[in-house]
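Student: Provided below are the primary sequence and the corresponding predicted coordinates.
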Amino acid sequence: MSLSVSRKAKEVRPSSTLAITARAKEMQAEGLDVVGFGAGEPDFNTPANIREAAVRAIEEGFTKYTEASGTEELKRAVCRKFERFNHLHYEPEQIVISNGGKHSLTNIFTAIINPGDEVIIPSPYWLSYPEIVKLAGGVPVYVRGYKSNGYKVSAEQIRAAVSDKTKAVIINSPNNPTGMVYTEEELRAIAAVAVECDIYVISDEIYEQLNYDEGGHTVSIASFDKEIYRRTITCSGVSKSYAMTGWRIGYTGSNPELARLMGSIQSHQTSNPNSIAQKAAYEALTGSQEEAIRMGEEFMRRSEYIYRRVSEIPQLSALKPQGAFFLFVDCSRLLHRDYKGIPVESAARIAEILLEDYLVAVVPCGDFGFPDHIRLSYAIAQDQIEKGMDRIAEFIQKLE
Ligand code: PLP
C-alpha cells in the first residue's frame, strides 16, 4: 500500500505519437529505411539567426534564473507579435512565457479548473488535451466534428454540450490533427456562445503562421470584442512556426489576474522558462521572418502533393489541408478487409502493419477520438513523402 502511486498519474495515457516516433527512430537506428509521417515537428533546422542568438546568450552569461513568467524583453516582443499578427492588444503583465505550448496549456488548466469542472473538447482533438485537463482535475467533454463540416464543431454543438459544470472550451485552429481552419464567422458564433454561457475559451493558435489560405494570418477569437477578450486565453509558441520544438518556448495572453496566477504556479514548478531559449525566441519573433515564411511555403507545397497522392487512392479519403502540417486520412474503407488472411480491424492495426511490413510510420487516431483515421505529418522531406506514399499505395493493393 505504501508504494502505491497516484490514481491521477495512473490514468494518464502515454503520448502515442511520441511512442510511434520513438519506435520509428529506433528502427532507423537499426539501419532500417523508415519513412516517418509520425512526428508533429518541422524537419528543418532552427534558422541560423535564432541559433546564433542562443550562442550569444550563452557566451554573454545569460544563463541564470529569469523572471518566473519570462523576461520583460520577450514579453514585449510577444505583445508586439499579438498586435501585428492577431490584432490583439496585451500588456506585458498579461503575458506568461512557459516551457513550450504544452506547458502553457498545463498552466492554463491548473489555473482555471476546480475538481469536476468540465472542459469541452472538439473531436478529433490533439491527444494531449484530455490528459492535461484530467491532470488538472477536470473532466473532458467531447463534441464530435463531422467531415462534412471540415471536422469542425459548430457553436450550436458547443452550446448543447454546456452544463452547469462547464468551465471552458478549447478551440485549436489551424487544427492538429485535421489541418482545418475555423472561419471568422464560425469563431464569432462560438465567441457569442462562450459569452452567453459565461465560459472560458482556450484558443490554441500554435499553428497560426501555418495557415495557407490566409497567408500566415490566423483570426484570433479574442480579437472580436471586450467580452470575448476577457474570457479567452490565447496560447501559442515558437515550436512549429520557427522549427524550435526542442527549445521549449510557448506563451499565453490572458486577463492580468489569470496571468498572475499562471506566473505563480510556474514559479513553483519550473522557476522560469529556459533563459537561453528565451533569447532565441526573442530573435525568432523580432528578427528576420524570411526563413519562417520559406518553411511555411514549403509545407504548403508538400500539403498539395500529399493531398493529391492520397486522393488518387480510392480507398482513402481526406480533406485538403488549410494549415498546420497534417493530413487527416479516413481509412474506414480499409477496415475489415484481409491482410495476409486476417481482417484489419482498426487504424491502429493499419499503423502497425505499415510500420512493421512497409517501414512507414503513421499515427493511428484512436487517441485523437477517431479510431478509423490516421494522421500523416508532412513535415518531412519531399522525397520521403513520395517514398512513403508509394509504400502506402503498395500496402493497400495487398488488401483483399
Ligand atoms: N498544441 C497543439 C495543437 C500541438 O499540436 C502541440 C504540439 O504538438 C502543442 C500545442 C504544443 O507544442 P509545444 O511543442 O510548444 O509544447
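Tutor: Nice, I can see it.
Student: anything in the top helix by length along the chain near the ligand?
Tutor: Counting residues, the longest helix found in the chain (DSSP state H) is helix 290-311. No: counting by CB under 6 Å from any ligand atom, the ligand has no neighbours in helix 290-311; the shortest distance is 14.0 Å. Any C-beta I mention is one placed from the backbone N, CA and C, and that applies to glycine too.
Student: Can you tell me what sits against that helix?
Tutor: Outside helix 290-311, the residues that touch it by CB atoms under 8 Å, 6 or more residues apart in numbering are 42, 44, 47-49, 179, 209-210, 212, 216, 241-243, 284, 316-318, 320-321, 325, 327, 329, 376, 378-379, 382, 385-386, 389, 393.
Student: Can you say which of these are buried?
Tutor: Among these, those buried by neighbour count (16 or more other CB atoms under 10 Å) are 42, 44, 47, 179, 209-210, 212, 216, 241-243, 284, 316-318, 321, 325, 327, 329, 376, 378-379, 385, 389, 393.
Student: and residue 381, what does it touch?
Tutor: Contacts of residue 381 by CB under 8 Å, 6+ apart are residue 43.
Student: any idea how far residue 298 is from it?
Tutor: 10 Å (CB to CB, to the nearest Å).
Student: Out of the contacts of helix 290-311, which sit inside helices?
Tutor: Using DSSP H, these in helices are 48, 49, 284, 382, 385, 386, 389, 393.
Student: How much space separates the third one from residue 239?
Tutor: Read it as residue 284. 10 Å.
Student: burial of residue 326, as a residue count?
Tutor: 28 (other CB atoms under 10 Å).
Student: and if you look at residue 371?
Tutor: Counted with other CB under 10 Å, residue 371 comes out at 16.
Student: Identify the residues contacting the nearest residue to it once chain neighbours are set aside.
Tutor: Nearest non-adjacent residue to residue 371, counting by CB to CB, 6 or more residues apart in numbering: residue 346, 5.5 Å away. For residue 346, the contact set (CB under 8 Å, 6+ apart) comprises 335, 364, 366, 371, 372.
Student: Can you tell me which of these has the most neighbours?
Tutor: Once you tally neighbours by other CB under 10 Å, residue 364 ends up highest among the contacts of residue 346, having 24 neighbours.
Student: who does that one bridge with?
Tutor: Here residue 364 sits in beta bridges with residue 374, going by DSSP bridges.
Student: right, and it touches residue 19 too?
Tutor: No: taking contacts as CB atoms under 8 Å, residue 364 lies outside contact range of residue 19: 10.9 Å.
Student: farthest-separated two in the contacts of residue 346?
Tutor: 335 and 366 (12.6 Å; CB to CB).
Student: and for the two, which residues touch both?
Tutor: By CB under 8 Å, 6+ apart, the residues touching both residue 335 and residue 366 are 346, 347.
Student: Noted, bye for now.
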